[in-house]
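Asks: need a structure here:
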Amino acid sequence: MVFSSLVFLTAFLPITVILYYSIPSILWKNTVLLIGSLLFYAWGEPKYVFLMMTSILVNYLVGIGIHQAKLNGKRGTALLTAGVLFNLGLLVYFKYFNFLTEIAIRFLHSTLTMREIVLPIGISFFTFQSMSYVIDVYREKADDESSYVVQKNLLSLALYISMFPQLIAGPIVRYHDIQPRLSNREHSFSQFARGIETFVIGLSKKVLIANVLGDAATRIMEWDAASIGAATAWVGAICYSLQLLYDFSGYSEMAIGLGRMFGFEFQINFNYPYISTSVSEFWRRWHISLSQWFRDYLYIPLGGSRRGNTYFHLFVVFLATGLWHGAAFGFVLWGLWHGFFVILERWAKNRGLHIPAPKPVRWLCTMLVVLLGWTLFRIVGVRSTLHYYAVMFGLSRPEYIPYSLAWYINNRTAAALAAACLLCVPWKSILQSRCPGVYAILSQQPFVTARRVLTLALLMICILFVANSTYNPFIYFRF
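Replies: This next block holds a predicted model:
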């Protein structure tokens, strides 16, 4: 089940909300959310609910074991190692087994055979959250000096790992960030209204922008590159880059909105990444929860920038980032592509080198790096990507082009493309800092009411689009 489906919008969410708010006890509210989350996950593949429940139980026992070991004056390192290896083992088997088998066959001439393994939805997200939990217990992270992060209530831990708003697409939620809210959280009409507004904005980005641009990107980038012109190739790459942003950021905003409806506050996951003027800045704005996870649980433990070789640490992080996104050489190269530029920028900064380029030039160079990276990310195959690059830069000119650019871009696609470009800019912050008087006027009650009416209208439009469209993919399902 996905948030942008009729089943979710017209049945699952309304029923869950009604049941949730008809029960006063926080314990039973958590039970409703847990049961709803398991049903949400089971909708697409029931058998993997048992896998997730097994993961929850194992991590619960590991957390309890580490806590008890520390109470007895021991470090609990063996239990931590076992917990991390268990979580990584799930990922390696379900996500990387066939990739490792392919490597063994190709380079080691192994006689291993591929297996038909279905990737459990959201496994990269819930295993990372599980690992952060056991690692934080080992590190004795707490919200205050008297409260360890260890969770002795199995239901609460199960809810944290399986909570449907962020289960299949993030943001990756840290346990210690929401620990207090699992047992004691407040609900208010204003918070619920903010949640609905955030959810609808995310839904609109997904349905009205990402789906429309994704349809165009698919028709262009899955067509034979030898039959499209340079302009069409560039537009296809741009459409896909914007589709990816609004598909994933839209889903993250829907998750944040749903969290607010149920009394939780999740961190933002995207902060206008396409206004970045460096690749390093891009990664501070893109998929923030994943970047922070790798920073806290991989980069810093390796030594970060304080000990060891910082450039090697960054290389490992971006290698892991590429692998996290997919089990293919294309994803690895995509991660290393970004890692190369981040390392280059760090190297230049460490040596006090600064190229006095205007901000628009730095932005254009950054977007070129990102766009070429997304092209590799979309096509995955290295040869096919190089062929597409050749078309983009005019190094390969097709003898015959059956369709012009206008065939791929209709009025609806052009409107979605224009809206996508406009929404890449943080207009609210610009208005607030440069025109505070206008911002104050727009914050008054009549405009707030108009915004809520617009939110309701957008929700109706999105439902109509979902009901009448056969194209409603979710890119991050495969991650």
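Asks: pLDDT below threshold where in this structure?
Replies: Residue ranges of the chain with pLDDT under 70: 44, 141-148, 170, 470-479.
Asks: so for stretch 403-422, what gets flagged as buried?
Replies: 405, 408-409, 413, 416-417, 419-420 (16 or more other Cβ atoms under 10 Å). For glycine as for every other residue, the C-beta is placed from the backbone atoms N, C-alpha and C.
Asks: stretch 51-68 now?
Replies: 51-52, 55-56, 58-60, 62-67.
Asks: determine which two of the buried residues of stretch 403-422 are furthest apart.
Replies: 405 and 419 (19.1 Å; Cβ to Cβ).
Asks: tell me how many other residues crowd residue 307.
Replies: If you count neighbours by other Cβ atoms under 10 Å, residue 307 ends up with 9.
Asks: repeat that for residue 199.
Replies: Neighbours around residue 199, by other Cβ under 10 Å: 26.
Asks: give me the nearest residue to residue 136, chain neighbours excluded.
Replies: Of all residues not flanking residue 136 in the chain, residue 149 sits nearest, at 4.9 Å (Cβ to Cβ, 6 or more residues apart in numbering).
Asks: I'd say residue 154 and residue 60 touch.
Replies: Yes: using Cβ atoms under 8 Å, residue 154 is in contact with residue 60, at 5.4 Å.
Asks: and the spatially closest residue to residue 302 that is not a sequence neighbour, how far is that from residue 299?
Replies: What sits nearest to residue 302 in space, not counting adjacent residues and going by Cβ to Cβ, 6+ apart, is residue 313, at 4.5 Å. Residue 313 sits 6 Å away from residue 299, going by Cβ to Cβ, to the nearest Å.
Asks: can you check residue 163 too?
Replies: According to Cβ to Cβ, residue 163 and residue 299 sit 27 Å apart.
Asks: now do residue 49
Replies: On the measure of Cβ to Cβ, residue 49 and residue 299 end up 33 Å apart.
Asks: one step back: who has more neighbours, residue 163 and residue 299?
Replies: Comparing residue 163 with residue 299 by other Cβ under 10 Å, the one with more neighbours is residue 163, at 26 against 20.
Asks: which residues sit against the helix or strand residue 420 falls within?
Replies: Assigned by DSSP states H and E, residue 420 falls within helix 411-422. By Cβ atoms under 8 Å, 6 or more residues apart in numbering, the residues outside helix 411-422 that reach it are 208-209, 212-213, 215-216, 238-239, 242, 245-246, 409.
Asks: so residue 192 makes contact with residue 260?
Replies: Yes: look at residue 192 against residue 260 with Cβ under 8 Å: they come within range, at 7.1 Å.
Asks: where exactly do the helices run in the stretch 351-479 of the chain?
Replies: Counting by DSSP state H, counting those that start in this stretch, the stretch 351-479 of the chain has these helices, from start to end: 359-379, 382-392, 405-408, 411-422, 427-434, 436-442, 445-468.
Asks: reformat these as TSV; add distance to residue 127.
Replies: Output for the helices of the stretch 351-479 of the chain, formatted as TSV (distance: least, Cβ to Cβ, whole Å):
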stretch	distance to residue 127
helix 359-379	22
helix 382-392	28
helix 405-408	38
helix 411-422	32
helix 427-434	35
helix 436-442	42
helix 445-468	30
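Asks: nearest to residue 186, out of the ones you listed?
Replies: helix 445-468 (21.6 Å).
Asks: gap between the two ends of stretch 102-113?
Replies: Chord length of stretch 102-113, first to last residue, is 8 Å (Cα to Cα, to the nearest Å).
Asks: contacts for that stretch, please.
Replies: Contacts with stretch 102-113, where a contact means Cβ under 8 Å, 6+ apart, come from 101, 114.
Asks: returning to that earlier point: in terms of neighbours, single out the busier of residue 192 and residue 260.
Replies: Taking other Cβ under 10 Å, residue 192 and residue 260 do not tie; residue 260 has more neighbours (24 against 17).
Asks: how many neighbours does the closest residue to that one other than its chain neighbours have?
Replies: Nearest residue to residue 260, sequence neighbours excluded (Cβ to Cβ, 6+ apart): residue 195, at 3.1 Å. For residue 195, the count of nearby residues is 22 (other Cβ under 10 Å).
Asks: with residue 5 instead?
Replies: Counted with other Cβ under 10 Å, residue 5 comes out at 15.
Asks: what of residue 42?
Replies: By other Cβ under 10 Å, 15 other residues sit near residue 42.
Asks: just the one 5 residues further on next, same as before
Replies: Residue crowding around residue 47 was assessed by other Cβ under 10 Å; the count is 9.
Asks: quick check, residue 311 in a helix?
Replies: Yes: using DSSP: H, G, I helix; E, B strand; the rest coil, the assignment for residue 311 is a helix.
Asks: for the residue lying closest to it once chain neighbours are set aside, give its distance to residue 377.
Replies: Leaving aside its sequence neighbours, residue 311 sits nearest to residue 343 (Cβ to Cβ, 6+ apart; 5.0 Å). In this structure, residue 343 and residue 377 are 19 Å apart, going by Cβ to Cβ.
Asks: out of these two, which sits in the busier spot?
Replies: Each of residue 343 and residue 377 has its neighbours counted (other Cβ under 10 Å); residue 377 has more, 24 against 20.
Asks: quick check: that one touching residue 334?
Replies: Yes: counting by Cβ under 8 Å, residue 377 touches residue 334, with 4.8 Å between them.
Asks: what do those two both touch?
Replies: residue 325.
Asks: ok so, going back, tell me how many other residues crowd the residue nearest to residue 302.
Replies: Neighbour tally, residue 313, other Cβ under 10 Å: 20.
Asks: again, but for residue 21
Replies: Using other Cβ under 10 Å, the number of residues around residue 21 comes to 14.
Asks: for the one 3 residues further on, same thing?
Replies: Applying the criterion other Cβ under 10 Å, we find 7 residues in the vicinity of residue 24.
Asks: now do the phi/psi pair for it.
Replies: With angles defined as degrees, to the nearest 10, residue 24 sits at phi -80, psi -30.
Asks: how near is it to residue 32?
Replies: Distance, residue 24 to residue 32, by Cβ to Cβ: 12 Å.
Asks: could you pull out the strands for this protein?
Replies: Remark: strands assigned in the chain by DSSP state E are 142-144, 147-148.
Asks: any idea how far residue 459 is from residue 25?
Replies: 30 Å.
Asks: also residue 180?
Replies: Look at residue 180 and residue 459: by Cβ to Cβ, they are 31 Å apart.
Asks: more crowded one of those two?
Replies: residue 459 (17 against 12).
Asks: check contacts around that one.
Replies: Going by Cβ under 8 Å, 6+ apart, residue 459 touches 200, 203.
Asks: try 7 Å this time
Replies: By Cβ atoms under 7 Å, 6 or more residues apart in numbering, residue 459 lies in contact with residue 200.
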